[in-house]
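[1] Got a predicted structure here, sequence first:
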Amino acid sequence: MARIGVFICHCGENISATVDCKKVADEILKIPGVVLSTDYKYMCSDPGQTLIKEAVKNNKLTGVVVSACSPRMHEPTFRKAVAEAGLNPFLCEMVNLREHCSWVHEKNDMTTQKAIDLVKTIVEKVKHNEALQSIKVPVTRKALVIGGGVAGIQCALDIANAGHKVILIEREPSIGGHMSQLSETFPTLDCSQCILTPRMVEIAQHSNITLYTYSELEKLEGFIGNFNATIRKRSRSLDEKICTGCGLCTTKCPNNKIPNEFEQGLGNRTAIYVPFPQAVPNKPVIDKNNCTYYKKGKCKICEKLCPAKAIRFDQPDEMLEIEVGAVVLATGFNILKTSFFPEYGYGQYKDVIDGLQFERLASASGPTGGVIKRPSDGQIPQTIVFVACAGSRDAAKGIPYCSKICCMYTAKHAMLYKHKVHEGKAFVFYMDIRAAGKNYDEFTRRAIEEDGANYIRGRVSRIYERNGKLIVIGADTLLNGQQVEIEADMVVLASASIANPGSEELAQKLHVSYNQYKFFEEAHPKLKPVETNTAGIMLAGACQSPKDIPESVAAASGAASKVIGLFSNSELTRDPLIAHVNKTAPPLFSTCVGCFLCESVCPYKAIEHEEIKNRNGEVIRTIASINPGLCQGCGTCVALCRTKSIDIRGYSNTQVFTEVVALLNEI
Amino acid sequence: MENFEPKIVAFVCNWCTYAGADLTGTSRIKYSPDVKIIRFPCTGRIDFMLLLKAFSNGADGIIVSGCHPNDCHYTSGNFHARRRWIVFRSLLDFLGIDTKRIVFSWVSAAEGAKWAEIVNTTVDEIKKLGPYKEYQLIAKEYLTTKEVINE
Amino acid sequence: MNKIIEVAGEMLTNGEVQLVVGYEKGSNGNERPAFIDAPEACNKLIFDGSCKINLAVYLTKKHIKQKGKIAVIAQKATLASIVTLYTENQIAIENIVALTFDANSNVVKLRNIDEIIEFLKAAGKSSDELDDKIEEIEKMSTEERWNFWQEQFSKCFKCYACRAACPLCYCERCTVDQNQPQWVQVPATKTGNLEWHIMRAMHLAGRCSNCNACSNACPQGIPLNLLTRKLSQEIFKEFKYEPGTAVHQTYALSDFNIKDKENFIK
Amino acid sequence: MNTESYILSEQNLAKLINGFIEAGKTVFAPFKDKAGKINFKKINDFTECDIHYIQSVFSAKAAVFPPVEKLFEYRNNKFVQEIKDPLPSYFPETILFGAHPCDASAFAVLETVFTNDYTDAQFSERKNKLTVLGLSCSTGDEHCFCTSVGSDPSSAKGSDILLSLLKNGNFVADIITEKGKIIFDKSKDLFEQSNGNEEKITAIIPDKFKIDELDQKIKNSFEKNIWQAQSMSCLGCGACAYVCPTCSCYDIQDLGTVYNGSRVRCWDTCGLSQFTVHTSGHNPRENQGQRWRQRIMHKFNYQPEKIKLLGCVGCGRCSRACPAGISIIENLQKITKE
C-alpha cells in the first residue's frame, strides 16, 4: 500500500490568499494511501524542506506530493530534498497551485475545489511513479562557436584557454564582425581595431581553435554532449594552404567597381578580395557573382598572376561533419538599412547615411582615410544632423524595443565629428538619452558640454533637399513641441538594431526558441541568460538582443563558462524520463510486434532493432528498442504504438491514464 | 444551464503551453477555474485514447494545446500530433461526437494572455453547449443503479 | 476457374510452393478459405469473387508460415495488404507467391513486391457504393450520426471477428487485451464498444487495404468498413497517401509535412 | 402434467403478447433489424416481432445470461466500504416468445452449468422469472441439425407453451408446464378448442450424423491431428461461442474507478487466444487447433460425461456466424468417419 505525503505550500500569501490551503490538506488526507497531508507557509524554505525530509523519514513515505509553484521552478529543489531524506527523487511530484490556480482565479470555493482536484490527480499519479536512476551520457569535449564577431571570438578564446577544442565558424570571409568596422569605441574612444585585431590573430594561432571562415552551419543533429554538426565550407576558389596572402591578385583584378560591403558601400573592391587589411585569415576569396570568369567564362588574370598558383576556379564547397558537445550561438545583429525610412529620403539623398557608414567615414582605415567627407561630393560637411531612435522604440514601425547602443554611438559620432571638424555643427535629435553604464553618462555629457554637440529632444518628421542642403524638420519637445528646421550637409540615422537575416532559419535548425523580432530566446530572462531551452546550446552577444561591446563580451565569457562547466566531466547525468519498449514473459518476450512504424516518428533516431534469440541463438523475433542516450523523452512513439508496447517513464500510460480518471471522478 | 460549471480537461505540452499557462499566472491574468491542466512532455505524447477516456469519465470539454509549428522542443512532436488530430477529429465527427467540445490550440511560452483567452472562450462555448449528456449517458450504463439489459 | 487449378497444381507438383491458400465451395454455397498441399486436391479450388475473406490474413499465422513457401490467391485488396504486411516486417516476401487475375481472368503470378505494386498501379483505383454511403452519413446532423452509430454499435458483442478477419490486425497482444491500464472496457458496454471501434479505426488509418473483411466478418453486419474507408479517404485527401502503392513508404501517421493543412487549431 | 392443445389465432396471439407487455412483463421476441438480421430483443408491441425466421444471429440465452450483467456496485475509500446488490427490477418477469425448440432446450444445459455444484443466484433468479413460449420450426436450412443431436423441429423440451404454425396461419398451442398453464388460465378466452387433427407446418431436418457413433469416436480422439486440420482456417474470433445458446463461459470485470464502480460479468470465449494465458506467459492452449478441440470436446464429450447432457442443440448458429465458413456439421461428420 502506498504511503503518500502531501505538502501544501502557502507561498507566503501567493497561494493562501485565494486557496484555502488548510481545507485542501484536510480533503486530501481522505484519499486512501495518503498518510500525511499538511500545509506550510514556505515549503521551499529551509524549515519547509526540513519538514518534508523529516516526514519522509518518520512516516516511511513511498511518495511525496509538493503542492506549490510551477514544477518548472522548484521540481529540482524538492526532488533533491526527498533524495537527501533517502527517497528516490522521482517519487516526488509537484502540483502547480500558484501559476495554474491561485494566481489566475478569484478567492472562492471553486478555486479551492480546483486545488483539491489538482492535488488529488497528482497523488493518484504518484502512486504509479517508479524509482528511477539518472542516465549517464558521454560528453564530447569540443565546442562549436557560430559567429566570429567579438562575442564569438571572446567565447572561443575562453573555452580554448580552458583547454578544450573549439570549432569557430564565420559566414564572412574574415572574422571580426561589426566591431572590426567601428572607428573608435565608447566611452573610452580607443580604436576598435587596435583592441580587436590582436584577439583575431590569437584565434588564428590558438592550438585549440580550428577556424572555418566563409562557412555556415548546414545542419545539427544529436543532443547535449553529443551533437553532430554539418558545416558547409564555401569555396574561396583558391587553395588557402598554399596562398601566401600577398594580395597581388586583389590589386590586379580588372573588375574593381564592386561596392565594398565592409565599407558599407562607401568604397569599392575587386572581385577577388580580402574584406579588409587586417582580415583573419588574410586570404582572398573570389566573389563568384561578380567575377568575370564565373560570369563570362574568361579572364583568369588572377590565376595567371598568382605567384603561388593557388587559384582554384573549380574548387567545390566542402562539407565537414564534426562531433561537438556544446554549441554557442554568437551570430550577432544587423542594423536597419535606412531605406526603411522613406520620410528621411534615404537612397534618394546620398548624404543621408546610417551609423555604420559614419563609422567607416570616421575610421582611419576607411574609404576616406578617416576624413569625414559627404558621399555625394566629397565635401567636408559643416553641419551634421544625427537622428537617434531611427526606427527603434517605434511601435508603428514594428520595433517597440530600444536598440540600446544608439544613444552612446550617436554621442560618440558627434564627438568624433567635432574633433575632426572643429568649426562644424553637430545636432542630435533624441527621445531620451539612455546612458546607463560605467562612464556612459559622463561620456554623453562630455559630448554636449565639452564638444558642444547640440542636443534637441524631439523627433525628426521629414528630411528633404533644398538647393544642395538637406532640410531637417523636427520638433523640439522641450520648447513645447515648437518646430525646428535645420539646414544640414549630412544626416546620420542611428537606425535600429535588428536580428541578423537568417536567424529564424538557424533557430529552427538548432531547435532553439526565438522571439517575434527573431532574436534568440534565453532559457530564463534572469537566471539563465546565456542558455537556451535546448540543453547544450548557449547564447553569446547581440543575437539574443541588442548589446554593446562590453555586454557582448561578458555574455560570451558567461556562455564559455557554461560550456567549460559542461566539459568538466567526461559524462553528464540526464533525467531518466525517456521511452522504453516493454518486455514480457516468454513466449511473447514483448508485446512489440516489430512493425517499426515508430522508427520514423523519432526525431532523434533513437529507435533501434533488437533481436530476441532462443537458446540455440536463432532469432525468434525482432522488436524495437530505445537508445537511452539518444531518446529525449518526447513520447511521440508512445502515442503512436498500437500495442502500447512503448511507454515513457514519468508520463507512463498508467500515470496519465490515472491522472485523467482521478481528475474527473469523485473518491 | 445557469449554474452549470463544465468539467474541462486540458492536455498540454510541458515546453510551450504549460510554460505559457505559467506566464498567465505570473502576469496574474484571471481565467475560469473550470479548466484543469494535465502535463505532457509533448503534444506528440498525447494518446487519442486519453481524449476518449476524458469524455467517458465525464468531461464536458477538452483542450489540447502545445507548441506552435516549428517551435516544438522536440522539433516535430507537434507536427505528428497535428496529423493525428486531423485524422482523429474527422473520425469523431463522422461518429457524431461533437468536435466543438475539443479545442486544439498552439500556445507558446510567451502567450500567457492567449492561454487565458483560449480557456475562457472554451468555457463559454461549453457552457453554451451544456453538459455532454449523450456521452455521459453511455458512460454511466452500468454504473448507475437504474438498470439496463441489452435493449 | 480450371486455369487456377492448373497453375496451383503445377506449383505444388514442381515444388515451387508447399501450400496453396485459396477458396473452395462451403456448405452454405459460398466461397471459403481452402488450404491445399497436394496437387490432386487442387480441383476443389474455385474463384468467383464471392468470397469476402482477405486471404492475406493467413500469411501472418504461425501454423501457415510453418508450411514453407505459400501461393495465395489474391484479390486487389489482398495484394495491398501483402505490401503493407511486407513494409511492416510481418512476412517473408520470398516465401510468398501471389496468384491473381488480369482483365481477361488469366492467372498472373506475382513473385516479389515490385511486381505486386506494378500490378496494383496498373489495376488502378475504383470507387463503389460505400463512398456514397459515407457521403450520406456525412450529410446527417451530428446528432443523427451519433444515433446511427450508437444503434450500430449496440449490436456489437465484442466477438472480435472484425479484428480476426483483418490481415493488418496481426498484433499478438491487442490493446483491448491489456489491463494495465484497461484502455478499453472488456464487456460489450456502449462505451467499450464505441472506444473499441474508434481505436480499431485509428489503428488502421493509413494502413487499411479497404478489403471490407471486417464488416463481412461481423455476424451482426455492422458496417465497420465505413469507418476505415472514411479514414482512408481522409488520409488520401489530406496527405495524398495511399497504402500499398509503394515499397517502404512511410506510414501516414508516423510522417508529417510542415505544410499539413488544418482549419481547427486556434 | 399431460399436455393440452388449443388453437390460437394470430390476432389472439398478438393480444396475448401485448397483454404481457401491458402487465409490465419484459417480452423478448425475434426482431428483424434494418440489416435484416434477426435477434431476440425486448419488444414493446407484438407488431415489432418477426416470427417467420429460420434462425436468429444470437441465441435467446441473453434472457437468462445477459452478455453483460451487473453483479454489484461498490464504493471503497478510507471511510466507506459498501457493496450494493442489484435491485429486484434488474430481474424482471420475462416472457421469451418465438424461441425455436433448439433455443428452448438449451436452457437445460445452461441451468445445469449454473446450478450443478452451487447455485448461481442471478441466473436462477432470471430463470425462475422466465416463461418460454416456444415456436416449432416451420423451415430450416443446411446448417440445422437438431435431429442429429436428439431433438427435433417441434420438440417441446424447454418450452412452457409450444406454438406450432398451421397452414391457415393460426397456431396450435401445447400447454407443457405449470408456468404455461398459469398463462393459459389467465387468458383462456383467447384460446379455442383444438380437434387435434390440424395440419402443422413442420420443417424437415435430415440426419447429418449418428450421435452415438460420434460419441464413440470422439472419446478417444483427443490426441488425433484432426483438430489442427479442421481449424486451419479458424481466425480465432469469438463469434461461434457468442452466438451459441449453450456456451456459458464468462469473465468478471470492474467498471468505474478503484473507489467507485460496478462489478459485472460478461461473455467470454475459449476461441480467443488470451482465454487461457497464464500470468507466467505460458498458454496451455497455445494454438487454434487446441482451442477448437476444447470447444468441440467440451460440448460432445466433457458435458455429456459431466452433466449428462449434450452441450449442443443443433441450432447451427456457429456455422452461420463463422467468418471463415467453418461448418460444425462437416467437422462432426469427419470425426465420425475417423
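    Yep, that arrived.
[2] so where's chain C shaky on pLDDT?
    C:1-2 (pLDDT under 70).
[3] To clarify, my last question referred to chain B.
    Along chain B, the model assigns pLDDT under 70 to residues B:1-2, B:145-151.
[4] all helices in it, in order from the N-terminus.
    B:17-26, B:48-56, B:77-94, B:112-129, B:133-139 (DSSP state H).
[5] could you redo those helices as CSV and give each row distance to D:Arg75?
    Placement of C-beta: from N, CA and C, glycine included. Converted to CSV, the helices of chain B look like this (distance: least, C-beta to C-beta, whole Å):
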stretch, distance to D:Arg75
helix B:17-26, 34
helix B:48-56, 19
helix B:77-94, 32
helix B:112-129, 29
helix B:133-139, 18
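[6] Let's have the ones you listed in JSON lines, adding mean neighbour count and distance to A:Val563.
    As requested, those are exported to JSON lines (neighbours: other C-beta atoms under 10 Å in any protein chain shown; distance: least, C-beta to C-beta, whole Å):
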{"stretch": "helix B:17-26", "mean neighbour count": "25", "distance to A:Val563": "25"}
{"stretch": "helix B:48-56", "mean neighbour count": "24", "distance to A:Val563": "40"}
{"stretch": "helix B:77-94", "mean neighbour count": "23", "distance to A:Val563": "27"}
{"stretch": "helix B:112-129", "mean neighbour count": "20", "distance to A:Val563": "32"}
{"stretch": "helix B:133-139", "mean neighbour count": "17", "distance to A:Val563": "53"}
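[7] Which one, of those helices, ends up nearest to A:Ile620?
    helix B:48-56 (30.0 Å; C-beta to C-beta).
[8] Dump the C-alpha coordinates for that closest one into PDB.
    Extracted C-alpha coordinates of helix B:48-56, given in PDB (Å, rounded to 0.1, in the frame of the first residue of the first chain):
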ATOM      1  CA  PHE B  48      -6.100   9.900 -28.700                       C
ATOM      2  CA  MET B  49      -7.400   7.200 -26.300                       C
ATOM      3  CA  LEU B  50      -6.900   9.700 -23.500                       C
ATOM      4  CA  LEU B  51      -9.400  12.100 -25.000                       C
ATOM      5  CA  LEU B  52     -12.000   9.300 -25.100                       C
ATOM      6  CA  LYS B  53     -11.100   8.500 -21.500                       C
ATOM      7  CA  ALA B  54     -11.700  12.100 -20.600                       C
ATOM      8  CA  PHE B  55     -15.200  12.000 -22.100                       C
ATOM      9  CA  SER B  56     -16.100   8.600 -20.700                       C
END
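[9] Show me which residues of chain D sit near chain A.
    By the rule C-beta under 8 Å from any C-beta of the partner chain, the part of chain D lying against chain A is D:77-79, D:256-257, D:259-260, D:279-283, D:286.
[10] hmm, try it at 10 Å
    Within chain D, the positions lying close to chain A (C-beta under 10 Å from any C-beta of the partner chain) are D:75-79, D:256-261, D:277-283, D:286.
[11] Show me which of those residues are buried.
    D:75-76, D:256-261, D:277, D:283 (16 or more other C-beta atoms under 10 Å in any protein chain shown).
[12] Please flag which of the residues you listed sit within strands.
    Mapping those onto strands (DSSP state E) picks out D:75-76, D:256, D:260-261.
[13] nearest to chain B, of those?
    Nearest to chain B among those is D:Gly256, at 5.3 Å by C-beta to the nearest C-beta.
[14] want to try TSV for the helices of chain B, with distance to chain D as columns?
    Formatted as TSV, those follow (distance: least, C-beta to the nearest C-beta, whole Å):
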stretch	distance to chain D
helix B:17-26	26
helix B:48-56	10
helix B:77-94	19
helix B:112-129	23
helix B:133-139	9
